[in-house]
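> Generate a structure from the sequence data that follows.
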Amino acid sequence: MSRPSLRRRLILSVSVVLVIFFGLTVFLLDTVFRHAAEQALRDVMDAQRWRFAMFASCGWFWEIPDRVETASALRAAVHAARLIDALADTGLERRLLDDLTLVQGATGDGRELARFALESVGAPGSGGDALENPSARGLRATG
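Here you go, the predicted structure:
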C-alpha cells in the first residue's frame, strides 16, 4: 500500500489542528458567556427583590416623608437603581433622585431625605458603591 501524498497529510494535519482549536474555542466561549449571562440574571433578580422591598412597608404613603418607613423605602429604591445602573448604565439612580426633589419634608426635599437615609446606615451617598443592608438604624419614627 502506498503512503498518502505530502499534500494529503498536510491537509489532514491542518484539519485536525483546526477542529481541535475551534472545538476548544467554542467550549471556552460557551463557558464564559454562560457564566456572564447567569451573573446578569442574578443581578436583575436581586434588583427586582429590592424593588419589592421598597414597597414592603407603607413608607410611600405618609403625609410626612421624614419617617423611618420612608427612609427604608428610599434605601431599597436607591439600591435597586444602583444594581440596574451597574448592569446597564441606565442613569436610573440619577433620575430617581431628580424625581425625589419634588417631595418636600420637614427636614428637606426627597433627595436630602435619601442622602440622610443612606448615611444613617453607613452607605455611600449618590454615585457611590453598592449599598449595605437597608435597615432603619439611626432613624426615628415621627408623628
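
> going forward, measure contacts and count neighbours with C-alpha atoms only.
OK.

> Strand partners (parallel or antiparallel) of the helix or strand of the chain with the lowest mean pLDDT?
Using mean pLDDT, DSSP states H and E, strand 104-105 stands out as the lowest-scoring helix or strand of the chain, at a mean of 84. Partners of strand 104-105 in the sheet, by DSSP bridges, are strand 108-109 (antiparallel).

> Contacts for the least confident helix or strand of the chain next, please.
I64, P65, D66, G110, L113 (Cα atoms under 8 Å, 6 or more residues apart in numbering).

> Which strands or helices does the helix or strand where the last one lies pack on?
Under the assignment given by DSSP states H and E, the secondary-structure element containing L113 is helix 110-119. Helix 110-119 is packed against helix 68-88, helix 92-100, with contacts defined by 3 or more Cα pairs under 8 Å, 6 or more residues apart in numbering; DSSP states H and E.

> Distance from the chain centre to the longest one, please.
Counting by Cα atoms, centre = their mean, to the nearest Å, helix 68-88 is centred 10 Å from the centre of its parent chain.

> Pull that helix out as CSV, backbone CA atoms only.
C-alpha atoms of helix 68-88 as CSV (Å, rounded to 0.1, in the frame of the first residue of the first chain):
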residue,chain,number,x,y,z
VAL,A,68,-38.3,55.7,59.3
GLU,A,69,-40.6,53.8,56.9
THR,A,70,-39.9,56.3,54.1
ALA,A,71,-36.1,56.1,54.8
SER,A,72,-36.2,52.3,54.5
ALA,A,73,-38.2,52.5,51.2
LEU,A,74,-35.8,55.1,49.8
ARG,A,75,-32.7,52.9,50.7
ALA,A,76,-34.3,50.0,48.9
ALA,A,77,-35.2,52.1,45.9
VAL,A,78,-31.7,53.6,45.6
HIS,A,79,-30.1,50.1,46.0
ALA,A,80,-32.3,48.7,43.2
ALA,A,81,-31.5,51.6,40.9
ARG,A,82,-27.8,51.2,41.6
LEU,A,83,-27.9,47.5,40.8
ILE,A,84,-29.5,48.2,37.4
ASP,A,85,-27.2,51.1,36.7
ALA,A,86,-24.2,48.9,37.3
LEU,A,87,-25.6,46.3,34.9
ALA,A,88,-26.9,48.6,32.1
